[in-house]
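Participant: mind folding the following:
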Amino acid sequence: MMVSFCLVLPLLVLFVRRRWTLRSLQCLLGFGSLIWTMTLIELSHERLNANQPFLRMACILGFVAIFTALSAWLLGRPALIERYRR
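Facilitator: Residues are numbered from 1 along each chain as shown. This next block holds a predicted model:
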(Lines give C-alpha, C1' and ligand atoms only; values in the text may rest on other atoms or scores of the structure.)
Protein backbone atom coordinates (compact mmCIF):
# COMPACT_ATOMS: atom_id res chain seq x y z
CA MET A 1 0.00 0.00 0.00
CA MET A 2 2.78 2.43 0.91
CA VAL A 3 4.60 1.71 -2.36
CA SER A 4 1.55 2.56 -4.44
CA PHE A 5 1.07 5.75 -2.43
CA CYS A 6 4.68 6.75 -3.08
CA LEU A 7 4.28 6.07 -6.79
CA VAL A 8 0.98 7.92 -7.22
CA LEU A 9 1.72 11.04 -5.17
CA PRO A 10 4.35 12.51 -7.53
CA LEU A 11 1.92 12.03 -10.42
CA LEU A 12 -0.73 13.99 -8.54
CA VAL A 13 1.61 16.98 -8.45
CA LEU A 14 1.76 16.91 -12.24
CA PHE A 15 -1.97 16.64 -12.85
CA VAL A 16 -3.63 18.19 -9.79
CA ARG A 17 -2.40 21.76 -9.48
CA ARG A 18 -3.41 22.28 -5.84
CA ARG A 19 -1.17 23.27 -2.97
CA TRP A 20 -2.10 20.26 -0.87
CA THR A 21 -0.48 17.97 -3.45
CA LEU A 22 2.70 20.01 -3.32
CA ARG A 23 2.75 19.98 0.50
CA SER A 24 2.03 16.24 0.57
CA LEU A 25 4.99 15.54 -1.68
CA GLN A 26 7.14 17.87 0.40
CA CYS A 27 6.23 15.99 3.59
CA LEU A 28 6.88 12.65 1.90
CA LEU A 29 10.33 13.81 0.78
CA GLY A 30 11.12 15.12 4.26
CA PHE A 31 10.10 11.79 5.76
CA GLY A 32 12.18 10.00 3.14
CA SER A 33 15.23 12.06 4.06
CA LEU A 34 14.75 11.10 7.70
CA ILE A 35 14.51 7.42 6.74
CA TRP A 36 17.71 7.66 4.67
CA THR A 37 19.52 9.26 7.61
CA MET A 38 18.33 6.57 10.01
CA THR A 39 19.41 3.89 7.53
CA LEU A 40 22.82 5.53 7.23
CA ILE A 41 23.33 5.50 10.99
CA GLU A 42 22.13 1.92 11.40
CA LEU A 43 24.22 0.48 8.58
CA SER A 44 27.29 2.43 9.68
CA HIS A 45 27.02 0.97 13.18
CA GLU A 46 26.61 -2.53 11.81
CA ARG A 47 29.62 -2.23 9.52
CA LEU A 48 31.77 -0.69 12.25
CA ASN A 49 30.90 -3.54 14.61
CA ALA A 50 31.81 -6.06 11.90
CA ASN A 51 35.12 -4.26 11.19
CA GLN A 52 34.13 -3.68 7.57
CA PRO A 53 34.78 -0.53 5.53
CA PHE A 54 31.89 1.91 5.70
CA LEU A 55 33.12 5.26 4.37
CA ARG A 56 31.93 4.83 0.77
CA MET A 57 28.53 3.62 1.92
CA ALA A 58 28.25 6.53 4.36
CA CYS A 59 29.13 9.06 1.65
CA ILE A 60 26.60 7.64 -0.80
CA LEU A 61 23.74 7.40 1.70
CA GLY A 62 24.61 10.81 3.13
CA PHE A 63 24.42 12.35 -0.33
CA VAL A 64 21.08 10.64 -0.99
CA ALA A 65 19.68 11.98 2.30
CA ILE A 66 20.91 15.51 1.53
CA PHE A 67 19.56 15.36 -2.03
CA THR A 68 16.15 14.22 -0.76
CA ALA A 69 16.05 16.97 1.88
CA LEU A 70 17.08 19.56 -0.71
CA SER A 71 14.27 18.37 -2.98
CA ALA A 72 11.76 18.85 -0.17
CA TRP A 73 13.14 22.31 0.53
CA LEU A 74 12.89 23.32 -3.14
CA LEU A 75 9.22 22.36 -3.20
CA GLY A 76 8.61 25.01 -0.55
CA ARG A 77 10.07 27.88 -2.56
CA PRO A 78 7.66 30.78 -3.24
CA ALA A 79 8.20 30.66 -7.02
CA LEU A 80 6.87 27.11 -7.15
CA ILE A 81 4.09 27.63 -4.61
CA GLU A 82 2.67 30.51 -6.67
CA ARG A 83 2.01 28.11 -9.55
CA TYR A 84 -0.35 26.04 -7.43
CA ARG A 85 -3.84 27.18 -6.49
CA ARG A 86 -5.17 27.05 -2.97
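Participant: okay, buried residues for the lengthiest helix in the chain please.
Facilitator: Taking DSSP state H as the criterion, the chain has its longest helix at helix 19-49. Within helix 19-49, the residues that qualify as buried are 21-22, 24-26, 28-30, 32-33, 36-37, 40, 44, counting by 16 or more other CB atoms under 10 Å. No exception for glycine: its C-beta is placed from N, CA and C like everyone else's.
Participant: just those now: which is nearest residue 72?
Facilitator: Of all the buried residues of helix 19-49, residue 72 sits closest to residue 29, with 3.6 Å by CB to CB.
Participant: need phi/psi at residue 85.
Facilitator: phi -70, psi 160 (degrees, to the nearest 10).
Participant: that one touches residue 19, doesn't it?
Facilitator: Yes. Residue 85 lies in contact with residue 19 (CB atoms under 8 Å); the separation is 6.9 Å.
Participant: what residue in this protein is the furthest from its centre?
Facilitator: The C-alpha centroid of the chain is most remote from residue 51, which lies 29.6 Å away (CA atoms, centre = their mean).
Participant: how close does the spatially most central residue of the chain sit to residue 53?
Facilitator: Most central in the chain under CA atoms, centre = their mean is residue 29, positioned 3.1 Å from the mean C-alpha point. As defined by CB to CB, to the nearest Å, residue 29 lies at a distance of 30 Å from residue 53.
Participant: list the contacts for residue 37?
Facilitator: residue 65 (CB atoms under 8 Å, 6 or more residues apart in numbering).
Participant: let's see 10 Å
Facilitator: Residue 37 sits next to 61-62, 64-66, 68-69 when contact means CB atoms under 10 Å, 6 or more residues apart in numbering.
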